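K.L.:
Provide a 3D model corresponding to the input given below.
(chains A and B)
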Amino acid sequence: MSDSHDTPLLTTPLDRLHRELDGKMVPFAGYAMPVQYPAGVLTEHVHTRTNASLFDVSHMGQAEIRGADGARWLETLVPGDIQGLGIGKTRYTVFTNDQGGILDDLMVSKLADDHLFLVINAACKHADFAHMQAKIGDKVQLRMIEDRALVALQGPKAAEAMAKVAPDAGAMTFMTIREITIAGIACLATRSGYTGEDGWEISVPEARVEELVRALLALPGVMPAGLGARDSLRLEAGLCLYGSDIDTATTPVEANIAWIMNKRRRAEGGFPGAAIIQRQLAEGPARLRVGIQPLGRAPARAHTEITDEAGNRLGEICSGGFGPSADRPVAMGYVPRDFAAIGTKIKLVVRGKALDAEVAALPFVPHRYIKA
Amino acid sequence: MGDKRFTKDHEWISVAGDIGTVGISDYAQHALGDVVFVEVPEPGRAIAKGAEAAVVESVKAASEVYSPVSGTVVKGNQAIVDQPGLVNEAAETGAWFFTIKLSDPSELTGLMDRAAYDAYLKTLE
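P.N.:
Numbering: from 1, shown residues only, chains lettered A, B, ... in the order given. Sure thing, here's the model as predicted:
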């Protein structure tokens, strides 16, 4: 089923455990990753929404920026408010290019005024690092963290599970970061994730990640889940996947994530492509990423053509599939601004047939974050 | 129904008289994972051997089901349209996709019997 055998793939420090758990390993961003375990994508997805799941995301990049002016310099590369980010807080942002397009999306956490912790996408991590090195490498101390793994514990029962092995974790709220001991292992955890559920992303030294994961999987209600469920969960949650929903040809305004910019950054600019993004903020973008609800049972996958009711091309689906918790097909796509209102009737061309759909509110499944 | 014969694309066909019943193999349903959507052909549709006849989608991906033989569709299986998960439970029994009136029964000779299909699956491991 796979033609990947002749390409050497990187492995995460949990590779042995994935194989022991009978994970179905597939190539992803140059790594051998479990797309699912024997339970299957559907079960893993539903389990995450009802209990808690453990995901290996060690392929993602971790980096740190040190230096008194680290936040100010990082702001020259991202449109987010990093100087105003509180110590112990985490924020979602993007690297932009000179056209206002998105080079990658990332999480930035402030550990101290002079210490930022970044989590970046696997497929982009080397380019991101080179980009930071080239632009601000002589202003701050940059380090790619290559000796730590990253795992995510996600789901409504994640807090109950964490309480058994990390009494401090419960005091954290959504989008905060803390150094905590989990099952006796010193970790750096954010209360965040990519599923729309409560949970933690946990950075841990490679040498101890297997021990940590075995301890978490031993807790009641916790099962392993693979990249397949991670993708269907984030799609239902309306969260962007870099390379599908956002890329160098989409701006944060078009991607409908302009909320990542606060008033100061919108006014001041000072990041790549700021003039283009500011103009789109003022005038409205030509097109927007929206939620799309197919009205039948047929899923509409990425690159499915979107048309108006008369058959005129409007754009494409960027992510689409079946939402196991929504129990219906769900999708996101780009449409002209005039077609972005919720409830707008559109057509999706699936296998040559124009199927009924409408623009829908995101997320498809409500977020259940534990906010302050 | 007669013994099943298989294609390299993991469809099976079982023939009684000049009517074939077509489905996907247990190996195929397992490889696909949880089936969430099925589309079957309309009665009366003429289909050539190897042409797309039906669609089966899991959470992750969509796949085509190709007709193992040429002929005219007699009917599609509404049960798997209503309950796609049946394909995972009974791929080689109740979860057939469609029946087809064969136009050229000699096409069957090019298909694999169970032993040959099992040997073929071993080459995919």
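K.L.:
A:A152 is in contact with A:S203, correct?
P.N.:
No - using CB atoms under 8 Å, A:S203 makes no contact with A:A152, being 10.6 Å away. Glycine gets a C-beta too; all of them are placed from N, C-alpha and C.
K.L.:
more crowded one of these two?
P.N.:
Neighbour count, other CB atoms under 10 Å in any protein chain shown: between A:S203 and A:A152, A:A152 has more, with 26 against 22.
K.L.:
what kind of secondary structure is that one in?
P.N.:
strand (DSSP: H, G, I helix; E, B strand; the rest coil).
K.L.:
list the contacts of it.
P.N.:
A:54-55, A:57, A:193-195, A:199-202 (CB atoms under 8 Å, 6 or more residues apart in numbering or on different chains).
K.L.:
got TSV for those residues, with neighbour count too?
P.N.:
Converted to TSV, the contacts of A:A152 look like this (neighbours: other CB atoms under 10 Å in any protein chain shown):
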residue	neighbour count
A:L54	25
A:F55	27
A:V57	19
A:G193	26
A:Y194	21
A:T195	27
A:G199	32
A:W200	26
A:E201	24
A:I202	27
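K.L.:
what two of the residues you listed are the furthest from one another?
P.N.:
A:T195 and A:I202 (14.4 Å; CB to CB).
K.L.:
quick one: contacts for A:G296?
P.N.:
Neighbour list for A:G296: A:329, A:355-356 [criterion: CB under 8 Å, 6+ apart].
K.L.:
how far away is it from A:V359?
P.N.:
According to CB to CB, to the nearest Å, A:G296 stands 16 Å off from A:V359.
K.L.:
now swap in A:K125 and tell me
P.N.:
Separation of A:K125 from A:V359 (CB to CB) stands at 34 Å.
K.L.:
what parts of the stretch 1-150 of chain A come near chain B?
P.N.:
Residues of the stretch 1-150 of chain A found near chain B (CB under 8 Å from any CB of the partner chain) are A:1, A:35-36, A:40-43, A:45.
K.L.:
A:K125 and A:V359 - which one has more neighbours?
P.N.:
A:K125 (23 against 20).
K.L.:
find the nearest non-adjacent residue to the more buried one, please.
P.N.:
Counting by CB to CB, 6 or more residues apart in numbering or on different chains, A:K125 lies nearest to A:G61, which is 2.9 Å off, once chain neighbours are set aside.
K.L.:
surely that neighbour touches A:M144?
P.N.:
Yes - between A:G61 and A:M144 a contact is recorded at 6.8 Å, counting by CB under 8 Å.
K.L.:
among those two, which residue is more densely surrounded?
P.N.:
A:G61 (23 against 17).
K.L.:
mind listing what residue 45 touches?
P.N.:
Here I'm looking at chain A. A:225, A:228-229, A:232-233, A:324-325, B:59.
K.L.:
if you could check chain B rather than the one you did, that'd help
P.N.:
Going by CB under 8 Å, 6+ apart, B:R45 touches B:72-73.
K.L.:
for A:R279, same thing?
P.N.:
If a contact means CB under 8 Å, 6+ apart, then A:R279 has no contacts.
K.L.:
any idea of the mean pLDDT for the helix or strand where it lies?
P.N.:
Assessed by DSSP states H and E, A:R279 sits inside helix A:274-283. Mean pLDDT, helix A:274-283: 98.
K.L.:
so where's chain B uncertain?
P.N.:
Along chain B, segments meeting pLDDT under 70 span B:1-2.
K.L.:
chain A contacts on that one?
P.N.:
Residues of chain B lying near chain A by CB under 8 Å from any CB: B:31, B:33-34, B:36-37, B:39, B:55, B:57-62, B:124.
K.L.:
out of these, which end up buried?
P.N.:
Buried members of those, counted by 16 or more other CB atoms under 10 Å in any protein chain shown: B:33-34, B:36-37, B:39, B:55, B:57-60, B:62.
K.L.:
can you put the residues you listed in TSV and add secondary structure and distance to B:G110?
P.N.:
Output for these, formatted as TSV (DSSP: H, G, I helix; E, B strand; the rest coil; distance: CB to CB, whole Å):
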residue	secondary structure	distance to B:G110
B:G33	coil	29
B:D34	coil	32
B:V36	strand	32
B:F37	strand	30
B:E39	strand	26
B:V55	strand	24
B:E57	strand	28
B:S58	strand	28
B:V59	coil	33
B:K60	coil	31
B:A62	strand	27
